[in-house]
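**Student:** just to be clear, the model below is a prediction. Sequence and coordinates:
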Amino acid sequence: MSYRLYESAGYLHANQALADSEDFDALRLWAVEHNDWKGIRTDAVIVSDEGRFWYISRSGNSREPNESQAEKLMARLEGRWSEASAEQLNYELPPPERRQHKTIHVEAKTSLPAELAQNHGVWIFQANPKRYDLLDFLARPSTQPGIVDDWTLRQHAKDVSDGDTVLLWTAGGQAGIYATGTVVGESFMRPRQDWEPEDAPPESPTIHYRLDRILDHSVLRRDLVNHPVLKDLSVIRQPQGTNFPVSEQQWEVLRPLIESPSGTQATPLPPPERFDPSVDLEWLLRETLWSRAEVDDVVDTLRTRRPQIILAGPPGTGKTWVAERIGRFLAGGQPDAVHVVQFHPSYAYEDFVEGLRPVAREGQVAFEVVPGALVKVADHARRVDHPVVLVIDEMNRANLPSGCPTRSASSDWTTCN
C-alpha cells in the first residue's frame, strides 16, 4: 500500500501531494519535520491508494475522519469541490505559485522517535452545568466539528499535551460523554472568565481543543457504573474535578461504545485476561506488519456487538495469517481459541452449520442431525470463559449467496464470540 501526504485538505483540491511513501509512519514523521503548519486548525492529510484518509497534527498524531468528513475530502480529491465553495467555508486553498511542485518520495523508517512512537493520552473533560452548559454549547448551529475552543485545566495541567484525545462529559442528571475532540497546542494561562465564580484564581491553565465529533448518541454514566472495567473511571469514582485521565485498558473498552452507531447499547467484549502475556498489541503489530491505526480499527470492530470482518485482497497476501494473529490477540493467547475452517466449492450448509447424516442403528439406516463446524465452535464458546474466534479461509470459493461481498477477490472472514 502507498500513501500520499498533503499539506492540508486544501491541497486535495489542487491534487498536489507534498510527499509519498509506502510507510505510513515514515510519512507521518516527515510531516512533523517538513510540513508548513499554518495554525492550530490546520492538519496535514494522508491519503492511501485505497481511498482512506488520516488527519495528521503537528505533533504527528493521526486520526481518521468520520464518514461525512471523508466524503468531503474525497470530493476535493476528485475535483468535485469548487474554489468558491472552499472560500465560502473559510477553507484555505494553496496559493497558485505553490500548486505545482515535485512530490518527494519518503523512504521507510525502521524506527520512530520516542515522542512519536508513544501513545497519546485520553482525557475526560467534565463540565459543571451550573457554570457551563455543555449541552447548550453543542446544540448551537455555530458549533460544528472542526471549531477550536478551550478548556480549563484544573488538574493534570502538565500532563495534557498536543494530540491527546478529549471526551467531553457533562455532570448532573444526564452525566456522560456527548462529544470528542483533540488537544491542539500547549497549555497557556487564561484570565478568569465572566462565567467563572469570584473565588476562581485570576489566571488558570487552559488548553485549546478541536471539536472532532458531536455524538449522535450519548454514552451515559448510568450505563457505565456497573461495567467491569469502566466503573473504575476516575470521573465515576471521584467525580469532583474537571480533567480526568482514561487508562489504556479503559479506552480500549470505551472507544467502541463511542464509535458504535447504537451507543451504549453496544456490548463490546472486555479485554480478556492474558493467558500468554507476550501476545500483546506490540506482538500483533510485529506479526502483521500493519500500522497502529489499521490494527486499532480492526480490533475495535471485533470488540463491538457485531464482531466480524472480511479481509479481501489478492491470493497470497497474508490474509489468513493476519486473521489468525488477530484472533490470538483477542483471545489473550489462549491455545484453544482460534478455529480455522477452509471453504471449497463442495462445502455445503450441512458441513458448516448442521445437517442430516446417515448413521447405522440396529442394522438399519437412520438419519441424525450432525453439527457442523460453526455449531461446534459455538458450543465450545459456551463452555469457556474467554473469546473464541472463527476464521473462514477461502470464503469466496464456496457457493455463497448472491449478496455476499468480495466475490471477485480472495477473502477471509473473521468473527469473534
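**Tutor:** Ah, there it is.

**Student:** ranges for the strands of the stretch 301-417 of the chain?
**Tutor:** 308-313, 338-342, 354-361, 364-371, 389-393, 410-416 (DSSP state E, counting those that start in this stretch).

**Student:** where among these is average confidence lowest?
**Tutor:** Across the strands of the stretch 301-417 of the chain, strand 410-416 has the smallest mean pLDDT, namely a mean of 53.

**Student:** I'd say F352 and V341 touch.
**Tutor:** Yes. With contacts counted by CB atoms under 8 Å, F352 reaches V341, the gap being 7.2 Å. The C-beta positions use only the backbone N, C-alpha and C, and glycine is treated the same way.

**Student:** name the residue in the two with the higher neighbour count.
**Tutor:** When neighbours are counted by other CB atoms under 10 Å, F352 and V341 differ, and V341 comes out ahead with 19 against 16.

**Student:** contact partners for the nearest residue in space to that one that is not next to it in sequence?
**Tutor:** Sequence neighbours aside, A373 is the residue nearest to V341 in space, at 4.7 Å (criterion: CB to CB, 6 or more residues apart in numbering). A373 makes contact with 339, 341, 351-352, 390 under the criterion CB atoms under 8 Å, 6 or more residues apart in numbering.

**Student:** what's the burial count for P197?
**Tutor:** Count around P197 with other CB under 10 Å applied: 8.

**Student:** the nearest residue to it once chain neighbours are set aside: which element?
**Tutor:** With sequence-adjacent residues excluded and distances taken as CB to CB, 6+ apart, P197 is closest to R131, at 7.3 Å. When elements are defined using DSSP states H and E, R131 is found to belong to no helix and no strand.

**Student:** confidence score at R131?
**Tutor:** 83.

**Student:** my read is that it contacts E196, right?
**Tutor:** Yes. The criterion here is CB under 8 Å, and R131 meets it with E196 at 7.1 Å.

**Student:** so between these two, which is more surrounded?
**Tutor:** More crowded of R131 and E196, by other CB under 10 Å: E196, with 15 against 12.

**Student:** how many neighbours does the nearest residue to E394 once chain neighbours are set aside have?
**Tutor:** Counting by CB to CB, 6+ apart, E394 lies nearest to F343, which is 5.0 Å off, once chain neighbours are set aside. Residues near F343, counting by other CB under 10 Å, number 20.

**Student:** joint contacts of F352 and V341?
**Tutor:** 373-374.

**Student:** which SS class is L29?
**Tutor:** helix (DSSP: H, G, I helix; E, B strand; the rest coil).

**Student:** right, and it touches I56 too?
**Tutor:** No. At 9.9 Å, L29 and I56 do not qualify as touching, with contact defined as CB under 8 Å.

**Student:** okay, the closest residue to R52 other than its chain neighbours: pLDDT?
**Tutor:** Distance criterion CB to CB, 6+ apart; nearest residue to R52, sequence neighbours excluded, is E64 at 7.1 Å. Confidence at E64, expressed as pLDDT, is 74.

**Student:** ok, E64 - contacts?
**Tutor:** 52-55, 70, 293, 297 are the contacts of E64 under CB under 8 Å, 6+ apart.

**Student:** swap in D150?
**Tutor:** Counted by CB under 8 Å, 6+ apart, D150 has contacts 190, 206-209.

**Student:** what strand or helix carries it?
**Tutor:** strand 148-152.

**Student:** parallel or antiparallel, which strands does the helix or strand just after that strand pair with?
**Tutor:** Counting by DSSP H and E, the element after strand 148-152 in chain order, helix or strand, is strand 165-170. Taking DSSP bridges as the criterion, strand 165-170 forms sheet pairs with strand 122-127 (parallel), strand 176-191 (antiparallel).
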